[in-house]
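Chemist: Using only what follows, build the 3D model:
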Amino acid sequence: MDPELDGADIGRQLGADGVDGIVSKVEQYCAHEERRITLKNHPNIVSLKAEFSLLLEEERGLEDRLRSAPPPGDLRRHRRKAIYAWAVTIILTVSGFLFALLAFDPFRLGWKSYLYCLGIAVVVPFLVERLLEGCRLEKLIKALTVIAATAGIASLMLLAVIRADLLTEQVQSAPAVVMDDAQPEAEPVNTFYSSTLPLLRVVTLLLSLAMELGAGLALREAWMKPPHGAEDWAKLQERLRLVHTRMIDLAQGVTLLEDEAPLFAARFWRDFYGSMLTHTVRSAMTKLFVLALGIVFVSHAFGQTQTRINLVVAIDLSRSVAVTGPDGTSEFQKNVDGVTRLLAQVPASAHVTVIGITDHSFAQPYILLSATVSNDSGYFGEKLTSARNQLVHAWELRSAALEPTFRSTDIFGALWLASQIFGRPPSVGEQKVLVLFSDMRNSTRDLDMDSAAPYSPATLDQASNRNPVRLPDVNVYALGVDGAGKSMIFWCDLEEFWVQYFHKSGARLQSFSALRKLSGLHVSPRQQMDFVH
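Modeler: Predicted coordinates for the structure are as follows:
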């Protein structure tokens, strides 16, 4: 029998699919255009960044030249500084020569000592000046200046200590008057030289360090290039300003090139959605009319088509469903009756498979029934009624000998078997339906839901990793999920576990109930499966 179709649903689906297809193609176009713009701008970006690096080096050079070229009106001051630096260099060099000569004098080297002393006095300032010449060692210059100043100040302080000791020695000298009849007193031991000699050594060492470093720094200051004049300084300032302006332009150009692709995408989508909105408002009535025509056409075109249902029913054959309810009927017998009512309502063109949930549901599959209902329902539905009666009769014969005798419940194995029965992805107009008549408490060696909490992140991960069943686009109905011997919290946790697990497997859990009522299949009202417990 042909199932009836909802024209409004079909129209909405076609409209959504059409819009999704257009938006998908537009997204692809926008992405490719962004990629093209990015690739096109990449060489220009590299070139501008290289030019920016060159300007950055030129900026540093101009800043160095400006530091050595004072502003207009400062030329005389620079000359005075140069004369002062040369005077300091000469004085310190001569002082170094004389001090070195005093140090060599006790060794009586004669004229050779003059050569050594002259070389020492000249080479140290020269080497210090060469070390600091032509390189950016501002930190080193400051450090050497600090060292020289510290050594000079320390030597002066030590000399002050020596002068204080000398004054003390003078004050504590022998008395000015000596009595004739007085007994001569022993003169105190003079310790001035022995106590001040170490300090004098340190003083000479620090003074030598300060003098040599000072001579080198003064020589560097004296050799600094004179300013180029007021006109050159102004030109340097103007060139530096132009360099800064060009650097700003380059930074702006690089930013514009890098933002061109995102800017294109933003404008593109703004115009796209604006155009869609405007067009939608202007043509609302036209679209409604076209939609109505489409609904009529689709309803007429598909009015005679059928929805093929691939139905897999799994019934629990383990001892856990052998419990008896208040009405004196076991849960297992209620499941058998539920399967009977289900088979009595199957639609035309349906393929039905009934499997058993055992302790090895997948390793040793137990196929209880497998049949295909003809797509010809008959003029008055007589053929479909006959097919249903045959299915019910066959099921009653095969279920008469069934007993819940298996010790454990392998639900995951049944799911694996169902996925094999479903096989390929669903074709157009096909529905995959899996109905489970079970308490849904898996009790195997891998996962025992009777002895532990049924739902926890660890339990879900363990089940998903060990049993990665794939049930894409399958509608799942778990019926007859009794909570015999368990609390309501346990039953709710069990439901949450299966909701999460079927979601990961790609299936949709449509119902999880202790009753045996099945609804929700999209078939005609005459074929609606609605089983009441």
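Chemist: CA only for contacts and neighbour counts going forward, please
Modeler: Fine.
Chemist: And for stretch 119-127, what's in contact with it?
Modeler: 93-94, 96-97, 100, 212-217, 219 (C-alpha atoms under 8 Å, 6 or more residues apart in numbering).
Chemist: Now, these that are in helices?
Modeler: Here DSSP state H is the test, and the contacts of stretch 119-127 give 93-94, 96-97, 100, 212-217, 219 as lying in helices.
Chemist: So which one of those is the model least confident about?
Modeler: Lowest pLDDT of the ones in helices among the contacts of stretch 119-127: residue 100, 68.
Chemist: circling back to that earlier point, the ones in helices among the contacts of stretch 119-127 into CSV, with extra columns for distance to residue 314 and neighbour count?
Modeler: Compiled in CSV, the ones in helices among the contacts of stretch 119-127 are given as follows (distance: C-alpha to C-alpha, whole Å; neighbours: other C-alpha atoms under 10 Å):
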residue, distance to residue 314, neighbour count
93, 108, 25
94, 111, 16
96, 108, 23
97, 111, 21
100, 110, 20
212, 101, 26
213, 98, 24
214, 100, 24
215, 102, 30
216, 99, 27
217, 97, 24
219, 101, 24
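Chemist: wait, which of the residues you listed is closest to residue 53?
Modeler: residue 217 (32.7 Å; C-alpha to C-alpha).
Chemist: who's in contact with the closest one?
Modeler: Residue 217 sits next to 125, 128-129, 141, 145 when contact means C-alpha under 8 Å, 6+ apart.
Chemist: Equivalent analysis for residue 461, please.
Modeler: Residue 461 neighbours (C-alpha under 8 Å, 6+ apart): none.
Chemist: again, 10 Å this time
Modeler: 467-468, 501 (C-alpha atoms under 10 Å, 6 or more residues apart in numbering).
Chemist: Of these, which is the most crowded?
Modeler: residue 501 (21 neighbours; other C-alpha atoms under 10 Å).
Chemist: My read is that it contacts residue 464, right?
Modeler: Yes. Between residue 501 and residue 464 there is a contact under C-alpha atoms under 10 Å: 7.0 Å.
Chemist: coming back round to it: with distance to residue 493 as extra columns, can I get the contacts of stretch 119-127 in a markdown table?
Modeler: What follows is those, written out as a markdown table (distance: C-alpha to C-alpha, whole Å):
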| residue | distance to residue 493 |
| --- | --- |
| 93 | 95 |
| 94 | 98 |
| 96 | 94 |
| 97 | 98 |
| 100 | 97 |
| 212 | 87 |
| 213 | 84 |
| 214 | 86 |
| 215 | 88 |
| 216 | 86 |
| 217 | 84 |
| 219 | 88 |
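Chemist: Return the closest of the contacts of residue 217 with respect to residue 262.
Modeler: Checking those one by one against residue 262 (C-alpha to C-alpha), the nearest turns out to be residue 141, at 49.3 Å.
Chemist: and the closest one, that's in a helix?
Modeler: Yes. Per DSSP: H, G, I helix; E, B strand; the rest coil, residue 141 lies within a helix segment.
Chemist: Can you give me the pLDDT of it?
Modeler: Here the pLDDT value assigned to residue 141 is 75.
Chemist: Relative to residue 268, how far out is it?
Modeler: Applying C-alpha to C-alpha, to the nearest Å, the value for residue 141 to residue 268 is 59 Å.
Chemist: swap in residue 117?
Modeler: 83 Å.
Chemist: out of those two, which sits in the more crowded spot?
Modeler: More crowded of residue 117 and residue 268, by other C-alpha under 10 Å: residue 117, with 20 against 14.
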